[in-house]
Structure formats: C-alpha cells, structure tokens
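S.K.: Show me how the following folds:
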Amino acid sequence: MSEMKIFAGPRIRRIRNGLGVTQTAMAQALGISPSYLNLIERNQRPLTVQLILKLASVYKVDVEELRGEAKSVVGELREVFSDPLLQGEIPGSEELVEVADAAPNAAQGLIKLYRAYREQAARLSDLAGMLAQAGHDAPLAAARLPMDEAREVFASRPYVFEALDAAAEVFHAHLNPGEDLAHALREWLRAEHGVVVRTLPIHAMPNLRRRYDRHSQRLFLSERLYPHDQLREMAQEACQIVLRAEIAAALDALPLSSAEARRIGRFELGRYAAHALMMPYGPMLAAAQRSAYDIGLLAARFKVSFEQVASRLVTLQRSGSAGVPFFLMEVDAAGNRVRTLGAEGYPHIRFGGACPKLSVHAVFAAPGQVLSEIVEMPDSGRFLTVARTLEGPVAGYGERVRRTALLLGCDAAHAGQIVYGRQVSEPLPIGAGCRLCERAGCLARAEPPLTRPLGLDEMVAGLSVFDFQ
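M.R.: Next comes the predicted model:
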C-alpha cells in the first residue's frame, strides 16, 4: 500500500457529507489541517498510509473499499461505452477512472440509464418476435457491431452459395487428391504459388492459428490445430486464391454496410468454400443420404471433424439436388451464441433456440456425447435436434480447454430420413425463449414472460420464482 498513491477525494467528501460533518470537524478528528483536507477532497493530495489508518479507526472506513471502490464502476462504464450506439466515443481508461472518482453519482446514473436502455431494447426485440409470429412485420433499427451485422445477415438467408460449390468441385477435380487432400493442397500451394506450408510450435506462434508470410512465401499453421483444422486452414488459403472472383461476387450480393462487416463476410465465405472443397457437393450429398446423415460416419469418410460435417450439411440445398434442410446453432458454456446458420435461414421465429431445456446446454455435462431428441414448441411445431460439444484448439497443461456446443436441427417431418430421429422418445416441450414462453410450471424458467404478470402469492409458492398468473 505504501508504494501506491491513492487519490480518493470524492469518496472522502461523500463520507464526510454522509456523516454531516464539516471539513474543520473532520480535519480535527483526523489530526490534519482543514486546508490539507480540502486539497485531499479536490484530489490534489494523495492519502497517506497514516491517514488511511486514521480514517479506518475514526470513521470505520473499509480500507479495501476505499482503495478499490471505483473499480467496478469503471468496468461498468467500459461496458456502456462499448455499445455500438457510442462507437467512436470510447474514452480511455484514465478518463473512465476520472469520471468514476470525480463524479461517482453521475457515473452510477449513466450506468442505470444504460441498463434501462438495454432492458427496453430486449423487450422491444421480444415484442417484435411475437408480432412476427402473428404475421406482422416490425423491423427494429439499431446500431450494431460489424460482427453482429454479419452474423445476422448469414442467419437470415439460406446458407447456400451454389457458385462456390460448383467452383470448389472443379478445383477438387483438378487437384485429384485421392485419399489425401492435405498432401495434395500442400503440393499445389508449393508447385503453383511457391507457398511452403509449415507447422510451428506453440511458443513460436502462441496466439495465432495461421499466418501467411508474403515475403518468405510460407504459410505457418499452429501445432495447436488438429489435422482436420489444419486441413481447413490450407483449404481456405487455397480457395482465397482460386475462388477469389466467386467469393467476391457472393460477398457483393450480401447487404453488409461496413468494411469491417464485409471483411468478416469474406472470411465466412472463405470457410464455406473450404468446406465445399473438403467435402464436394455431389459425393457429400450421396454419402449423407446413404448413411442417413450419420455425422460420425461422414467425418470418418471425409477425414474431417464433427463440426465441419454439421456445417456442410446445412449447405446441401442445391436447386434440383437438395438434402434435408438443416439449421445450426453454436453456443458457449455461458449460453452466448457463437453462430446461427440455416439452410433456409435460421428459424428464429419458429424455433428460437433460447430455451434452457435444449440439449445443446446439457451436453456440456457429457463432453463428446451426442444427444438427440424431438422438441415441441408451444404452437405444436416439432423439430429434431442433435447436439454435441466441440473442442477448440489443443490446450497445453494448465490451460483451460475452449469448449462450445453445437446444435443441428431440422423439422421433425424429416426425422425418418435421419439416423438420429429413429429412436427418440416422446417430444420435449420447449419454448422460443423464457420471455416469449407461456408454459406454466417450467422448472427451467429463467425469466417471466412479457405477456403475463407474475403470480406472486404469500399463500402459494410455484415451482419457479417466475411463475405467472
């Protein structure tokens, strides 16, 4: 503590005003002059160790609270100014600390206003969903981050780019890879473009998956990546070269408003092209139908991962040669959505995907296990869902493994064509999300519905604190 200068003038002033004492009285109690206390309250003098101990003794002030009271406020202010609505108005950390210290009440007021704004935005979004279900279009205009904009664009349209599929099939035939696409891509990159692929140890490339060095013409891949992920990185690099025109044309057709959103879109289209190269449309559709869409068998057949197969299944909707129309959602352990894609556009209105009872949340307790079930919405619509955890890059000893979960779904009418739909039990009743769901007595309910008042009764206790009338 003796090495750290603590400026806590506004906090000292609040303590004094809360006690209703004058500067003269407090200065006398602390054994300092009123002028010195005045300088402290104006942050022109730091608190000394002796003075801090005196404050703790005389006024029972918590020393740690005195030293770190503003930390949580600064964190909350940083969240406020990270909102897209305030893009370009982000103050530096020192400025946030000054606001939290010099005007704590104003800072708290700003935070409360922001929380109210976010709550109202969430309610409007939920109401818009309810209106959409009733057939009324209610678009909401709001500032969005480029990543959110790109995700929304890909989730709201069919995840199918036929020109990329066709070009990838031609490129695959040209490579003629046989059973080893990875070797064929390495040789093609070296022979056609002078690019040598190298795998680097973690200490040499600790924070990157892939890095292309234009000067030395080398493509570096991290040893953290599993073989199927290294294959995708090479395929994506090759597709950015060979399918550049097709990717650019697909990107131009997407309604992305900013350069950053277009850059994200280009990356997503590059990954789409990589999957199309790794799993060419014709052979992939034929194998999927023969295996009844068994993702494990398809992953072994094409030497790819569960996630790569699931992502590719969503895209098998070529005109005149389409498979089952799947949709996909990926979440992390905290419930944050990482991706939402749909063969016909992700079904936000009909399915939602925010129900805590979905198996995509349960699989975190059973990593690597595949859970399949039929779920039923309040309107009696049914979906077949398949969920499994996904492992991120290889983690070293002492590092926490990055794990997400993927849900692949389709209308239950297709369940008979899919191996996962042949031995499912009775449908599980779910909702689009707690705010929109009116199922009574739900053990998993996390929020009350917008459309009903809470059923608070001193004489009766429901199964959930959010039970409603």
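S.K.: Where does pLDDT dip in the stretch 351-469 of the chain?
M.R.: Scanning the stretch 351-469 of the chain for pLDDT under 70 picks out 456-457, 469.
S.K.: Run through the strands of it in chain order.
M.R.: Residue ranges of the strands in the stretch 351-469 of the chain, as given by DSSP state E, counting those that start in this stretch, are 371-376, 382-391, 403-411, 428-429.
S.K.: out of those, which comes closest to residue 213?
M.R.: Among those, strand 382-391 comes nearest to residue 213, with 28.1 Å by C-beta to C-beta. (C-beta placed from N, C-alpha, C; glycine too.)
S.K.: any idea how far the closest one is from the chain center?
M.R.: Centre-to-centre, strand 382-391 and its host chain are 17 Å apart (C-alpha atoms, centre = their mean, to the nearest Å).
S.K.: Now do that strand: which elements does it pack against?
M.R.: Applying 3 or more C-beta pairs under 8 Å, 6 or more residues apart in numbering; DSSP states H and E, we find strand 382-391 packed against helix 306-314, helix 359-362, strand 371-376, strand 403-411.
S.K.: How about the second one, which residues are buried there?
M.R.: Okay, so that is helix 359-362. For helix 359-362, burial by neighbour count (16 or more other C-beta atoms under 10 Å) applies to 359-361.
S.K.: And stretch 391-408, by the same measure?
M.R.: Those would be 391, 403-408, for stretch 391-408 by 16+ other C-beta under 10 Å.
S.K.: Same question for stretch 169-186.
M.R.: By 16+ other C-beta under 10 Å, the buried positions in stretch 169-186 come out as 169, 171-172, 175, 177, 181-182, 184-186.
S.K.: Out of those, which sit inside helices?
M.R.: Among the buried residues of stretch 169-186, DSSP state H puts 169, 171-172, 175, 181-182, 184-186 in helices.
S.K.: Tell me the one of those nearest residue 289?
M.R.: Distances from residue 289 to those, taken as C-beta to C-beta, are shortest for residue 169 (17.5 Å).
S.K.: Relative to residue 323, how far out is the closest one?
M.R.: 16 Å (C-beta to C-beta, to the nearest Å).
S.K.: same question, residue 151
M.R.: Distance, residue 151 to residue 323, using C-beta to C-beta: 24 Å.
S.K.: picking up where we left off before, next, give me the two most distant ones among the ones in helices among the buried residues of stretch 169-186.
M.R.: Top of the distance list for those (C-beta to C-beta): 169 and 186, 20.6 Å.
S.K.: Geometric centre of this protein: which residue is closest?
M.R.: By C-alpha atoms, centre = their mean, the chain has its centre lying nearest to residue 338, at 3.6 Å.
S.K.: Next one, pLDDT for that residue please.
M.R.: Here, the pLDDT recorded for residue 338 equals 92.
S.K.: Was I right to think it contacts residue 331?
M.R.: Yes - contact between residue 338 and residue 331 holds when scored by C-beta atoms under 8 Å: they sit 6.3 Å apart.
S.K.: hey, what's in contact with both of the two?
M.R.: residue 404 (C-beta atoms under 8 Å, 6 or more residues apart in numbering).
S.K.: sec struct for residue 206, please.
M.R.: Here residue 206 is recorded as coil under DSSP: H, G, I helix; E, B strand; the rest coil.
S.K.: For it, grab the count of nearby residues.
M.R.: A count of nearby residues for residue 206, using other C-beta atoms under 10 Å, gives 11.
S.K.: now do residue 247
M.R.: Using other C-beta under 10 Å, residue 247 has 24 neighbouring residues.
S.K.: Can you say which helix or strand has it in it?
M.R.: Assigned by DSSP states H and E, residue 247 falls within helix 244-252.
S.K.: okay, that helix in PDB with CA atoms only?
M.R.: Provided in PDB are the C-alpha atoms of helix 244-252 (Å, rounded to 0.1, in the frame of the first residue of the first chain):
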ATOM      1  CA  ARG A 244     -11.400 -15.200 -55.400                       C
ATOM      2  CA  ALA A 245     -13.800 -14.000 -58.100                       C
ATOM      3  CA  GLU A 246     -16.600 -16.300 -56.900                       C
ATOM      4  CA  ILE A 247     -16.100 -15.200 -53.300                       C
ATOM      5  CA  ALA A 248     -16.100 -11.500 -54.300                       C
ATOM      6  CA  ALA A 249     -19.400 -12.000 -56.200                       C
ATOM      7  CA  ALA A 250     -21.100 -13.700 -53.300                       C
ATOM      8  CA  LEU A 251     -19.900 -11.000 -50.900                       C
ATOM      9  CA  ASP A 252     -21.200  -8.200 -53.100                       C
END
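S.K.: now that helix: mean pLDDT?
M.R.: Here the average pLDDT along helix 244-252 is 96.
S.K.: wait, residue 454 sits on residue 466?
M.R.: Yes - judged on C-beta under 8 Å, residue 454 makes contact with residue 466 at a distance of 6.8 Å.
S.K.: The two: who's more crowded?
M.R.: Using other C-beta under 10 Å, the more surrounded residue of residue 454 and residue 466 is residue 466, with 16 against 13.
S.K.: so where's the stretch 101-250 of the chain shaky on pLDDT?
M.R.: Filtered on pLDDT under 70, the stretch 101-250 of the chain yields the residue ranges 101-102, 123-143.
S.K.: Can you read off the backbone torsions of residue 19?
M.R.: phi -90, psi -10 (degrees, to the nearest 10).
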